[in-house]
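Asks: Build me a model:
(3 chains)
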Amino acid sequence: MPENWSVVYQTLLEAFGPQHWWPADTPLEVMVGAILTQNTAWRNVEQAIARLKASGSLEVRAILERPAEQLEQDLRPAGYFRVKAVRLRALCRFLEQQGCAEAPASLAEKGDTASLRQRLLDVHGIGEETADSILLYALEKPVMVVDAYTRRLSQRMGWSGPRIAYASLQKDVDAGLPPGDTGIRKELHALIVQLGKEFCRARPRCPGCPLQKQCAHGRPVSH
DNA sequence: ACCCAGGGTCATA
DNA sequence: TATGACCATGGG
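Replies: Residues are numbered from 1 along each chain as shown, chains lettered A, B, ... in the order given. Prediction:
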């Protein structure tokens, strides 16, 4: 039901206002944050990013040259710190290979969106959601990001089952939005996360939810 | 004490 | 293709 996602956007924007995502000073900080926030609360990521900044490590070359153990210590508050140190280096190695070590944002000009997406997916530690987050928030490409909140929302609205594939859900949401509009995609994903934090967690809290009327929660869901 | 967070990889069937 | 184990910290 693609057309409904536009209504979701309007409703959530009215309820919550603009979210101004992604919270970061530079495109590289977006990319780094996209990896650090994997299955991790953003509040923990902020501390890790603060440590990277404090040690002057929020640069491609600095991350590549930083001793593994020190990089890991910077990442500790974000959890999975050994894994994420490896993934961060893989990202930076990739940026360097693409000739973007000095200006990570210039990655946006190194091919079309489909090609960029595939090259990002080839980087160890970057899956679909992380790749799309980078495309949308760091490179300003009109790509819809889909996550666990989006899946839960789609399910509770009665528009899909809980196990819908990433690509299917992404296509469904994207089809309901104005083609090529990067701004609306940035906001919608941010708004869905905000909704999820407040109302869609493990125990759904319907009272006060902006989508309560449209929501199929409690009614039989067709699939 | 338990559950979850703005996921992804790898081994197994 | 589709599950399950694993990765680790911090807050509710």
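Asks: going forward, measure contacts between C-alpha atoms and count neighbours the same way
Replies: Noted.
Asks: helix or strand for the residue nearest the centre of chain A, which one?
Replies: The residue lying closest to the centre of chain A (C-alpha atoms, centre = their mean) is A:S133, at 4.0 Å. Following DSSP states H and E, one finds A:S133 within helix A:128-133.
Asks: Let me see the contact set for the residue nearest to the centre of chain A.
Replies: A:M31, A:A34, A:V145 (C-alpha atoms under 8 Å, 6 or more residues apart in numbering).
Asks: do you know how far it is from A:T182?
Replies: Distance from A:S133 to A:T182, counting by C-alpha to C-alpha, to the nearest Å: 12 Å.
Asks: what does the domain assignment say about chain A?
Replies: Following the assignment in automatic domain parsing, chain A carries domains at A:3-20+A:145-199, A:27-138.
Asks: Looking at these, which is nearest to DNA strand B?
Replies: The closest of the domains of chain A to DNA strand B is domain A:27-138. By C-alpha to the nearest atom of the strand, the value is 2.9 Å.
Asks: what about the closest one, distance to the chain center?
Replies: 12 Å (C-alpha atoms, centre = their mean, to the nearest Å).
Asks: Then stretch A:164-180?
Replies: 15 Å.
Asks: Just confirm yes or no for it near DNA strand B.
Replies: No: if you take C-alpha under 7 Å from any atom of the strand as the test, stretch A:164-180 misses DNA strand B, and the best it gets is 8.8 Å.
Asks: Stretch A:22-40 too?
Replies: Yes: with C-alpha under 7 Å from any atom of the strand as the criterion, DNA strand B is reached by stretch A:22-40 at A:W22, A:P23, A:A34, A:T37, A:Q38, A:N39, A:T40.
Asks: Can you name every helix or strand that the host helix or strand of A:N44 contacts?
Replies: Remark: A:N44 resides in helix A:42-54, with elements defined by DSSP H and E. When contacts are defined as 3 or more C-alpha pairs under 8 Å, 6 or more residues apart in numbering; DSSP states H and E, helix A:42-54 packs onto helix A:27-36, helix A:68-75.
Asks: closest one to A:L211 among the ones you listed?
Replies: helix A:27-36 (27.5 Å; C-alpha to C-alpha).
Asks: Show which residues not belonging to the closest one make contact with it.
Replies: Against helix A:27-36 from outside (C-alpha under 8 Å, 6+ apart): A:22-24, A:45, A:49, A:58-59, A:78, A:84, A:87-88, A:104-105, A:125-126, A:130, A:133-134, A:137-139.
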